[in-house]
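# structure of the sequence below:
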Amino acid sequence: MSLSPAQVFAVLNAVRPPDQASPILGRAVVIGGSVAGLLAARVLSDYADSVLIIERDDLQVTGDRPGVPQGTQLHALLPGGFLHLERLFPGFREAAVARGAVEAPPEARRNYFDGRLKVVVPDDADSLAGSRPLLEGLIRQQVLRLPNVKTVVARATGLVFDGAAVTGVRCDGAPGAESADLVVDAMGRSSRLSDWLEQAGWERPVTRRITVHLNYATALFRRTEANPASTVVLALHSPQMEADVAGAAYFAIEDGQWMAMMAGYGDDRPGRTAEDFVRRLREQFPPEFAAVADNEMIGDVRTYAHADSRRRDFHAIKRFPAGLVSVGDAVASFNPVYGQGMTAAALHAACLSTYLRSKPDLSVPARAYLDMQKVVVDAAWSISTSADLARPHVDGPYPRGYRLSSWASRQIVAATVTDVGVARRFNEVVSMREHPSSLASPGVILSALRANRRARH
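Here you go, the predicted model:
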């Protein structure tokens, strides 16, 4: 009997690495050393004799990676992702804190919606605040310590096929190919896998896009408080606010710093200069933001543009080769405002772990993996795109039943400001610990309507 999406989420969020390695394949090759690729390599280390990561950047070099141009921007590690990192790397919290990451328990996180502070939600969802280079660097260090994981600095140029299966990866500058019993595509948004499949006579996956034209900027400020009461603060503006700033956030990160981010859509490009960044933090957001802006800015404001959210529907391909899967942004990348990237990658790793734990027949397409991954992608996609489609400048495509689901979403989001029960359920979903279907129950919607009625009166 097939599982419901909510049940799949429950299974994935309960999966743990095996107590001891149980290899079912000889060699696995991961194309890309991103967070998604590293987490896939960690999972594969339990099920493969050897794992090779092919990456253009030298993974032995610490600090910013040229292959991650958005690495200097603010990144969130949602509680769902933190849960998986702790399981894959026991002691991850302590190691991250030792490097300067700041703990972000529920009481240290504050969330504003249209200027109103949401209720404090008494849950157990812990997380960490730190820069992308710190978190990714720690993951990389933990993975590269594994005795059966190796790396090569190279650019993958194509796949090797033998009948109906992928059996290797070609690289530039190499006379032959890297053989593999399983290949994992972790090449990110710019993945070339679709082209490679089409060139080899396979079906090309349908790519869906929602154009959002997001512009965001990040700046660092000196932090004098060693242990601030609030380490993660988020303030979002609904489309009804008609503000040219869609939202802002700041985290306490390593090296005694605040990292602040501001975002706008379309022609709105707030915070591109230091003066504009500081002025908006002081004038357009709650007092905590002004307090951060009063500190010394470190370095320049760094900007980035995100044109669209996109997903490649590998699960829908009728003819798909064996020995091949994709993870992370290579499958789906979302509006970064919602901070889903690293957590989605962790859930893809959980899909891979669950799939390999079942000791599948690797001579046939990994349909069970693709089906689980679709549940994760659908969940993250529905969370981010439902909010994006409410923006006036975003013109679809709208899913079936969008008007009703959009109305329900507005009611639930509004109720999170005042209703603890609705807010707790909402937090479980946006932190990717529960499937969005849990918000669609009549009980949750009725609770939201009652809370909003009380708020109006």
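# run a quick neighbour tally on residue 163.
Neighbour count of residue 163, defined by other Cβ atoms under 10 Å: 8. The way it works is simple: take the backbone N, C-alpha and C, and place the C-beta from them, glycine included.
# would you agree residue 83 is in contact with residue 13?
Yes - contact criterion Cβ atoms under 8 Å: residue 83 and residue 13 qualify, at 6.8 Å.
# which one's more surrounded, these two?
A side-by-side neighbour count of residue 83 and residue 13, using other Cβ under 10 Å, places residue 83 first with 22 against 18.
# would you mark the buried spots in the helix or strand containing that one?
Taking DSSP states H and E as the criterion, residue 83 maps to helix 79-88. By 16 or more other Cβ atoms under 10 Å, the buried positions in helix 79-88 come out as 79, 80, 81, 82, 83, 84, 85, 87, 88.
# secondary structure class for the closest residue to the second one other than its chain neighbours?
Leaving out its chain neighbours, the residue that sits closest to residue 80 by Cβ to Cβ, 6 or more residues apart in numbering is residue 432, at 3.5 Å. The three-state label given to residue 432 by DSSP: H, G, I helix; E, B strand; the rest coil is coil.
# where does residue 432 land on pLDDT?
In this model, residue 432 is scored at 91, pLDDT.
# measure it to residue 189 for me?
Distance of residue 432 to residue 189, computed by Cβ to Cβ, to the nearest Å: 19 Å.
# likewise for residue 355?
Counting by Cβ to Cβ, the gap from residue 355 to residue 189 is 24 Å.
# kindly report the same for residue 244.
Residue 244 sits at a distance of 26 Å from residue 189 (criterion: Cβ to Cβ).
# likewise residue 448?
Noted for residue 448: a distance of 34 Å to residue 189, by Cβ to Cβ.
# which of these two has more neighbours?
Neighbour count, other Cβ under 10 Å: between residue 448 and residue 189, residue 448 has more, with 26 against 16.
# for that one, list the residues it contacts.
Contact analysis of residue 448 by Cβ atoms under 8 Å, 6 or more residues apart in numbering lists 408, 411, 412, 414, 415, 419, 422.
# quickly find the element holding it.
Assigned by DSSP H and E, residue 448 falls within helix 442-456.
# neighbouring contacts of stretch 407-414?
113, 238, 386-387, 390, 422, 426, 439-440, 444-445, 448-449, 451-452, 455.
# of the residues you listed, which is the nearest to residue 205?
Of all the contacts of stretch 407-414, residue 386 has the smallest distance to residue 205: 22.8 Å, by Cβ to Cβ.
# so which bits of the host helix or strand of the closest one are buried?
Assigned by DSSP H and E, residue 386 belongs to helix 367-388. Under the neighbour-count criterion of 16+ other Cβ under 10 Å, helix 367-388 has 369-370, 372-388 buried.
# run through who's touching that helix.
Contacts of helix 367-388 (Cβ under 8 Å, 6+ apart): 5, 8-9, 12, 210, 212, 309, 311, 314-315, 320, 325, 331-332, 334-335, 337-338, 340, 344, 347-348, 351-352, 354-355, 358, 360, 394, 399, 402, 405-406, 409, 429-430, 432, 435-436.
# can you pull the pLDDT of residue 121?
Reported pLDDT for residue 121: 62.
# and the most centrally placed residue in the chain, what does it touch?
By Cα atoms, centre = their mean, the chain has its centre lying nearest to residue 341, at 1.4 Å. Contact analysis of residue 341 by Cβ under 8 Å, 6+ apart lists 35, 75, 328, 329, 333, 334.
# out of those residues, the closest to residue 296 would be?
The closest of the contacts of residue 341, once distances to residue 296 are taken by Cβ to Cβ, is residue 75, at 22.7 Å.
# touching, that closest one and residue 135? I think so.
Yes - here residue 75 reaches residue 135: they are 7.2 Å apart, a contact under Cβ under 8 Å.
# so what sits against both of those two?
Contact criterion Cβ under 8 Å, 6+ apart; residues shared by residue 75 and residue 135: residue 342.
# name the helices or strands packed onto the helix or strand encompassing residue 279?
Taking DSSP H and E as the definition, one finds residue 279 inside helix 274-283. Packing partners of helix 274-283 (3 or more Cβ pairs under 8 Å, 6 or more residues apart in numbering; DSSP states H and E): strand 207-222, strand 257-265, helix 287-293, strand 297-312.
# ok so, going back, nearest to residue 227, of the contacts of residue 341?
residue 75 (22.0 Å).
# could you tell me whether residue 28 really is in a helix?
No - when three-state DSSP is applied, residue 28 is found to be strand, with no helix at that position.
# pLDDT score assigned to it?
According to the model, residue 28 scores 98 on pLDDT.
# let me see the contact set for it.
Counting by Cβ under 8 Å, 6+ apart, residue 28 has contacts 41, 44, 47, 48, 50, 51, 52, 180, 181, 182, 183, 184.
# mind listing which of the residues you listed are in strands?
48, 50, 51, 52, 182, 183, 184 (DSSP state E).
# give me the beta-bridge partners of the fifth one?
So that's residue 182. Applying DSSP bridges to residue 182 gives these bridge partners: residue 28.
# quick check: it touching residue 362?
Yes - with contact defined as Cβ under 8 Å, residue 182 counts as touching residue 362 (6.4 Å).
# overlap in contacts of the two?
Joint contacts of residue 182 and residue 362 (Cβ under 8 Å, 6+ apart) are 25, 323.
# for these two, indicate the residue with more neighbours.
A count of neighbours by other Cβ under 10 Å puts residue 182 above the other of residue 182 and residue 362, at 27 against 15.
# the more buried one: what's it in contact with?
Listed by Cβ under 8 Å, 6+ apart, the contact partners of residue 182 are 25, 28, 29, 44, 48, 323, 324, 325, 362.
# repeat for residue 156
Residues near residue 156 by Cβ under 8 Å, 6+ apart: 31, 54, 169, 170, 171, 187, 192.
# from the residues you listed, pick the one nearest residue 118.
Nearest member of these to residue 118, counting by Cβ to Cβ, is residue 187, at 37.5 Å.
# burial of that closest one, as a residue count?
Residue 187 sits with 25 neighbouring residues when counted by other Cβ under 10 Å.
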